Structures are given as C-alpha cells and as structure tokens.
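K.L.:
Below is the sequence, then the predicted model.
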Amino acid sequence: MWVGVLLGAAFLAALVWTTLAQSNVECEVCVDYGGGSICRSVAGSDTEEAARQAQANACAILSRGVTQGLECDRTPPRSLRCSES
C-alpha cells in the first residue's frame, strides 16, 4: 500500500514540476474583431507559443465558426505584452 502512495506522490510531483517548467512566459493579447474587443492572457514555454495561444483564445470568443476563427487568428492584435517569469 505504501508503495502505491509513494508512486502516486512521485507522479504528482513530476506532473507539477513539468507543468511549471513549461510556463516560462506569459503573454497578454488584445484583439479587435467583428465589432468586439477582448484581451486574454496565456502562459507558455516561449513567447511565440504564448502569444499564439492567447490570440487563439481571444478569437475563439470573438468569432463564430471556423472561417471567422481563422480570419481572426490572422488579424494583428491591438496590443501584445509578454513577460518572462
């Protein structure tokens, strides 16, 4: 029984360590699309990935359907701010 508990604790510790190691950069992106405006923050492993994910998150809320979502993703953000942790 103790072996199972120790293995579970080791797995959770590894999961937390890996998750924190992958969140080195946080980006906030503000997007104007389709008459709406929204800002979203995302943490990621690098600036490019965090900015892309933040834009995709904002566009998922502002757009309706796949075509608008792709169009919104190609729209330059109103603002982009990233910081390393």
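P.N.:
Ah, there it is.
K.L.:
looking at this protein, which helix or strand is least sure?
P.N.:
Ranked by mean pLDDT, DSSP states H and E, the weakest helix or strand in the chain is helix 2-21, scoring a mean of 60.
K.L.:
Do you know the pLDDT at Gln55?
P.N.:
Looking at Gln55, its pLDDT reads 96.
K.L.:
how about it, secondary structure?
P.N.:
Under the three-state scheme (DSSP: H, G, I helix; E, B strand; the rest coil), Gln55 adopts helix.
K.L.:
do you know how far it is from Gly35?
P.N.:
For Gln55, the distance to Gly35 equals 18 Å [Cβ to Cβ, to the nearest Å]. Bear in mind the C-beta positions are built from the backbone N, C-alpha and C, glycine included.
K.L.:
more neighbours, the two?
P.N.:
Gln55 (23 against 6; other Cβ atoms under 10 Å).
K.L.:
Was I right to think the more buried one contacts Tyr33?
P.N.:
No. Applying Cβ atoms under 8 Å, one finds Gln55 not in contact with Tyr33, separated by 10.1 Å.
K.L.:
what's the neighbour count on Tyr33?
P.N.:
Using other Cβ under 10 Å, Tyr33 has 20 other residues around it.
K.L.:
Okay, and the beta partners of it?
P.N.:
With DSSP bridges as the criterion, Tyr33 is bridged to Gly36.
K.L.:
need the contact list for it.
P.N.:
For Tyr33, the contact set (Cβ atoms under 8 Å, 6 or more residues apart in numbering) comprises 59, 62-63, 68, 71-72, 75.
K.L.:
hmm, which of the residues you listed are the buried ones?
P.N.:
The neighbour-count test (16 or more other Cβ atoms under 10 Å) marks 59, 62-63, 72, 75 as buried among these.
K.L.:
In helices only, show me the contacts of Tyr33.
P.N.:
Secondary structure assignment by DSSP state H places 59, 62, 68, 71-72 of the contacts of Tyr33 in helices.
K.L.:
Name the residue most distant from the centre of the protein?
P.N.:
Relative to the centre of the chain, the most outlying C-alpha is that of Met1, 38.2 Å out, by Cα atoms, centre = their mean.
K.L.:
Quick check: which ranges of the chain have low pLDDT?
P.N.:
Along the chain, the model assigns pLDDT under 70 to residues 2-23.
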